[in-house]
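Student: Structure for this input, please:
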Amino acid sequence: MTVTIALDAMGGDFGPSVTVPAAVDVVGQFPEVELILVGLKEQLEPALRKVGYNGSRVRIHHASQVVEMDEPAAQALRGKKDSSLRVSINLVHSGEAQGCVSAGNTGALMATARFVLKTLHGIDRPAIVTTLPSRRGHVHMLDLGANVDSPPERLVQFGIMGSELVRALDDIAEPKVGLLNIGVEDIKGDQVIKKAAELMRLSKLNFQGFIEGDGIYLGDMDVIVCDGFVGNVALKTSEGLAQWLMGMMRSSFKKNIFTMLAGFIALPVVRGLRKHVDHRRYNGASLVGLRKTVIKSHGGADKLAFKHAICEAIAEVKKDVPTRIAGKLKAIHEQGVL
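Tutor: Got it, this is the predicted structure:
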């Protein structure tokens, strides 16, 4: 099976200097993958020459415009119909590509993807889901910023989409779903959270109940559901904490000759820890709820991080995640839960 992914090669803080080398690395790793670099031809051709690639599985599709990182989503949607972001999504809509990846403007990506690709039947709004490290491997969490306020029914939709994503990618028959709350007791939380829990218990989800913030990384859940405001704050707090801890560890080991010696002895352990919590290895948030696969990379992604985002797109296309979600939604609706 040949998998074709369109890349918004101009998106993010670094554009072709990151997206092009990452693309070349990916086709070297996956012989069944073809990538389309979408963007300014006059910048992409030199970037490909710089990395020494002259094969046929990475090709350029010219787009004359670029969406800026701080550009309003509505302005990008209306005024930049030949942007690298828009053309990448258009290629998915036309069937020339099966999925796309962008490190560009999140609001513009979400708005354009919804407008061009549409949402699955029964989905109000797409959600942003990503993988986070946990004590037992990793956990998927959504929504991470697409929906600031979410009614109970939408939170149930998030649970369904997250569960099917995990079932497909991690081969878990019945993913454990938890609802993020300020306590694990049934009396805790506002009416939205309580109603969402009630609906989840009526569905065929493997709903485990409420989970507090300190349980996100314990690994007891496979999917954690929350609204976009809470999810985004939790994600950014976690990223900042991880960076602070690694920085403190480095400075502590450099204090004197004895701590440097201790650091040298502990180096294999430190490297393993750093690899496990390295946010670049978890880059690639899926816009679930769309009819096709769209992956959002962090805007500041380097080559390794963007490569992981492309790999996420490949995995979701191979598992046909949108179709699986659509099937599960249909079954839930037939139950009369939503």
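Student: Pull the number of nearby residues for Arg136.
Tutor: 12 (other C-beta atoms under 10 Å). All C-beta spots, glycine's among them, are computed from the backbone N, C-alpha and C.
Student: ranges for the helices of the chain?
Tutor: For the chain, the helices defined by DSSP state H cover 16-29, 41-50, 73-79, 84-94, 106-117, 152-169, 191-202, 228-253, 257-265, 267-277, 303-319, 321-335.
Student: Show me what the third one is packed up against.
Tutor: In other words, helix 73-79. When contacts are defined as 3 or more C-beta pairs under 8 Å, 6 or more residues apart in numbering; DSSP states H and E, helix 73-79 sits against helix 84-94, helix 106-117.
Student: Could you export those helices as CSV, including mean neighbour count?
Tutor: Formatted as CSV, the helices and strands packed on helix 73-79 follow (neighbours: other C-beta atoms under 10 Å):
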stretch, mean neighbour count
helix 84-94, 23
helix 106-117, 21
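Student: Indicate which one of those helices is closest to Ser297.
Tutor: Of all the helices and strands packed on helix 73-79, helix 106-117 sits nearest to Ser297, with 9.8 Å by C-beta to C-beta.
Student: could you give the angle of the closest one to helix 321-335?
Tutor: 70 degrees (axes from the mean of the first three to the mean of the last three C-alpha atoms, to 10 degrees).
Student: got a list of contacts for helix 106-117?
Tutor: Helix 106-117 is contacted from outside by 67, 71-74, 76-77, 85-86, 89-90, 92-93, 102, 125-126, 128, 145-146, 287, 290-292, 294, 296, 299, using C-beta atoms under 8 Å, 6 or more residues apart in numbering.
Student: Show the buried residues in those residues.
Tutor: Buried positions within the contacts of helix 106-117, assessed by neighbour count (16 or more other C-beta atoms under 10 Å), are 67, 71, 73, 76-77, 85-86, 89-90, 92, 102, 125-126, 128, 145-146, 287, 290-292, 294, 296.
Student: JSON lines please, covering the helices and strands packed on helix 73-79 and showing distance to Lys319 and mean pLDDT.
Tutor: What follows is the helices and strands packed on helix 73-79, written out as JSON lines (distance: least, C-beta to C-beta, whole Å; pLDDT from 0 to 100):
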{"stretch": "helix 84-94", "distance to Lys319": "16", "mean pLDDT": "97"}
{"stretch": "helix 106-117", "distance to Lys319": "18", "mean pLDDT": "94"}
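Student: Which one of the ones you listed lies nearest to Val58?
Tutor: helix 84-94 (14.3 Å).
Student: thinking again about what came up before, what would the helices and strands packed on helix 73-79 look like in a markdown table with distance to Ile314?
Tutor: Shown next, in a markdown table, are the helices and strands packed on helix 73-79 (distance: least, C-beta to C-beta, whole Å):
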| stretch | distance to Ile314 |
| --- | --- |
| helix 84-94 | 14 |
| helix 106-117 | 18 |
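Student: Low-confidence ranges, the protein, go.
Tutor: For the chain, residues meeting the criterion pLDDT under 70 lie at 336-338.
Student: Domain-wise, how is it divided?
Tutor: According to automatic domain parsing, the chain comprises the domains 1-123+289-338, 129-280.
Student: Deepest in the core, which of the ones you listed is it.
Tutor: Neighbour counts (mean count of other C-beta atoms under 10 Å) averaged over each of those peak at domain 1-123+289-338, with a mean of 20.
Student: Thank you, goodbye.
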